[in-house]
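Colleague: structure of the sequence below:
(one chain, ligands or ions: 1)
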Amino acid sequence: MKAPRVLIVEDEPAIAELLDVNLRHNGFQTVTAVDGRAAQREIDEVLPDLVLLDWMLPGDSGVMLAKRWRADERTRQVPIIMLTARSEEMDRVAGLDAGADDYLSKPFSTKELLARIRAVLRRRLPEQSSAVITLGELTLDGGTHRISHAGHPLKLGPTEFKLLQYLMHHPERVHSRSQLLDKVWGDHVFIEERTVDVHVKRLREAMGEAAAMLETVRGAGYRLSRGA
Ligand code: CA
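Modeller: Predicted coordinates:
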């Protein structure tokens, strides 16, 4: 699996550096931003898998940023862990109310930070889990990577597998190409939207009779339905 990308929003260089080094050593990709504006630029370029967000920042506070990202369709699902020197219960509540998934009070250990990050990523990424999921006559096993339709095994490439897994976890909804790039490819910097079409075409070919479940919604994107 691709290393999860973590955006670190922290204005204190020593702390930012510490987080950066520790996360890299533990298999994450990292990007750092010193304030909300820099963080927004990073997010506009590449949607991270998780944001570590300091509460006290120059300019917009972490709470304001969390609220803004939660209100935006594109960033709504990105997990946020708030970091703060504050440890009052009321602050914790305010942080979680703003949409943070978790809250860590400074100082914290690397071990605790990693445990929280992994827990949040597990909660937020069911489509990357090992769950067995069924839609109509289609069954996908995330653990063994086996897929079958009406009892017949299907052979899919790794990207088609991820794409189908995501669609099966979010059926009956129209997904735009850019949403699929964000969710399945993890970012959309170097990949053009027509790449999605190429993989959808391959996926349909591999799905055989089940291909009818995967509709193109003109001008909007793609939808996987239970079918007739
Ligand atoms: Ca700070």
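Colleague: so what pLDDT did residue 123 get?
Modeller: pLDDT recorded at residue 123 is 69.
Colleague: strands of this structure, residue ranges please.
Modeller: Secondary structure of the chain by DSSP state E: the strands cover 5-9, 29-33, 50-54, 80-84, 102-105, 132-135, 138-141, 146-149, 152-154, 214-217, 221-224.
Colleague: please work out which of those strands is packed deepest.
Modeller: Among the strands of the chain, ranked by average contacts under mean count of other CB atoms under 10 Å, first place goes to strand 50-54 (a mean of 26). Backbone N, C-alpha and C define where each C-beta goes, glycine included.
Colleague: how far does that one sit from the chain's center?
Modeller: Strand 50-54 sits 13 Å away from the centroid of its parent chain (CA atoms, centre = their mean, to the nearest Å).
Colleague: does any part of it sit near the ion?
Modeller: Yes - judged by CB under 5 Å from the ion, strand 50-54 comes into contact with the ion at residue 54.
Colleague: residue 48 and residue 104: what is the separation?
Modeller: Counting by CB to CB, to the nearest Å, the gap from residue 48 to residue 104 is 17 Å.
Colleague: just residue 14 next, same as before
Modeller: Counting by CB to CB, the gap from residue 14 to residue 104 is 17 Å.
Colleague: report the buried residues of the helix or strand bottoming out on mean pLDDT in the chain.
Modeller: Least confident element among the helices and strands of the chain, by mean pLDDT, DSSP states H and E: helix 89-97 (a mean of 72). For helix 89-97, burial by neighbour count (16 or more other CB atoms under 10 Å) applies to 91-92, 94-95.
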